[in-house]
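Participant: no sequence for this one, just the structure:
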């Protein structure tokens, strides 16, 4: 999906500016996102901007760079950088920010020198504004991914309910295999329908096999419930994180308006109001 919108473009231009300032500092001081990632830390977050503007990543798929889980994780990391401006992601402790600075070289070759306090303060300020822009820009993207995927899960649950009903009738003798196959034609999700049709298409189907098919469907249903819970939690995390980030947005909007950045300021102001409206419903 191609990206467009004058107000969004104005926000992205500001993000590019903050990105350029941050990448220069993080490159100079060897600040990385995680061990093994040789890029400057900001590159991880700006990958989302590149994915959005290029249209190469889907806003609706589970494993997309623009998935609600990925964006919520990004926003959580960005918020932590204020407290630990030179930290990196410690993947052994639930991906939390570590206070350690990532080494520039291999073990034994020395550890990067820590940047002075003034540089850290500058980095915090750049990230503070970048995070506000990030939260505003990706809020509608996170919403789209959340709504599309929860809709798919709900539709799949309805299909599973139909399959369960057919299998129970088959086990009770109310349907024969041919009739059950016909009823399954009403299942919308191809992979679910085909998995059960393969089982029912056997010439001889024992009672145990019928119960195994029902157990398989129940297992899939449990997986769907778990997936939906994870999507819901990620969306809640993004929304609450967004509200926390916007505590800094008022002064930023005023400064943007005073500087003639009306398009970006309008987009940011609308994003703040929308988040506050959603927040009242939490």
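Facilitator: Happy to help now that I have it. Remember, it's a predicted structure, so these values are computed and weren't measured experimentally.
Participant: check residue 242 and give its pLDDT.
Facilitator: If you check residue 242, the pLDDT there is 94.
Participant: mind listing what it touches?
Facilitator: Residue 242 makes contact with 75, 135, 136, 139, 275, according to CB atoms under 8 Å, 6 or more residues apart in numbering. Yep, even glycine has a C-beta here, placed from its N, CA and C like the rest.
Participant: from residue 167, how far off is it?
Facilitator: 43 Å (CB to CB, to the nearest Å).
Participant: same question, residue 219
Facilitator: 13 Å.
Participant: between those two, which one's more packed in?
Facilitator: residue 167 (25 against 10; other CB atoms under 10 Å).
Participant: doesn't residue 180 make contact with residue 201?
Facilitator: No. Applying CB atoms under 8 Å, one finds residue 201 not in contact with residue 180, separated by 10.2 Å.
Participant: so what are the domain limits for this structure?
Facilitator: 6-151+233-279, 156-227 (automatic domain parsing).
Participant: how far out from the middle of the chain is the last one?
Facilitator: Pointing back at domain 156-227 there. With CA atoms, centre = their mean, to the nearest Å as the basis, domain 156-227 stands 32 Å off its chain's centre.
Participant: just the endpoints, please. Distance across it?
Facilitator: Terminal residues of domain 156-227 lie 12 Å apart, using CA to CA, to the nearest Å.
Participant: one more: stretch 27-38?
Facilitator: Stretch 27-38 end-to-end distance (CA to CA) = 10 Å.
Participant: just to revisit the earlier point, by neighbours, which of the contacts of residue 242 wins?
Facilitator: Greatest neighbour count in these, by other CB under 10 Å, goes to residue 135: 28 neighbours.
Participant: can you name every helix or strand that the helix or strand containing that residue contacts?
Facilitator: Under the criterion of DSSP states H and E, residue 135 resides in helix 117-172. Applying 3 or more CB pairs under 8 Å, 6 or more residues apart in numbering; DSSP states H and E, one finds that helix 117-172 makes contact with helix 6-29, helix 42-54, helix 68-81, helix 177-183, helix 190-200, helix 207-245, helix 249-258, helix 262-279.
Participant: which one is residue 216 nearest to, not counting chain neighbours?
Facilitator: Nearest non-adjacent residue to residue 216, counting by CB to CB, 6 or more residues apart in numbering: residue 195, 7.6 Å away.
Participant: so residue 134 sits against residue 72, correct?
Facilitator: No. Applying CB under 8 Å as the test, residue 134 and residue 72 come out as separate, 11.6 Å apart.
Participant: a strand runs through residue 188, doesn't it?
Facilitator: No. Secondary structure of residue 188 (DSSP: H, G, I helix; E, B strand; the rest coil): coil, not part of a strand.
Participant: burial count for it?
Facilitator: 11.
Participant: per-residue pLDDT, it?
Facilitator: Here, the pLDDT recorded for residue 188 equals 89.
Participant: show the contacting residues for it.
Facilitator: Residue 188 is in contact with 155, 159, counting by CB under 8 Å, 6+ apart.
Participant: same thing but at 10 Å, please
Facilitator: By CB atoms under 10 Å, 6 or more residues apart in numbering, the residues touching residue 188 are 155, 156, 158, 159, 162.
Participant: show me the shaky parts of the stretch 51-200 of the chain.
Facilitator: 90-112 (pLDDT under 70).
Participant: ok so, going back, wait, the residue nearest to residue 216 sits on residue 217?
Facilitator: Yes. Assessed by CB atoms under 10 Å, residue 195 is found in contact with residue 217 at 8.8 Å.
Participant: out of those two, which sits in the busier spot?
Facilitator: residue 217 (20 against 15).
Participant: tally of neighbours for the closest residue to that one other than its chain neighbours?
Facilitator: Nearest non-adjacent residue to residue 217, counting by CB to CB, 6+ apart: residue 163, 5.2 Å away. A total of 26 residues lie near residue 163 under the criterion other CB under 10 Å.
Participant: would you list the helices and strands packed on helix 117-172 in TSV and tack on distance to residue 62?
Facilitator: Below are the helices and strands packed on helix 117-172 laid out as TSV (distance: least, CB to CB, whole Å):
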stretch	distance to residue 62
helix 6-29	24
helix 42-54	15
helix 68-81	8
helix 177-183	29
helix 190-200	14
helix 207-245	8
helix 249-258	30
helix 262-279	23
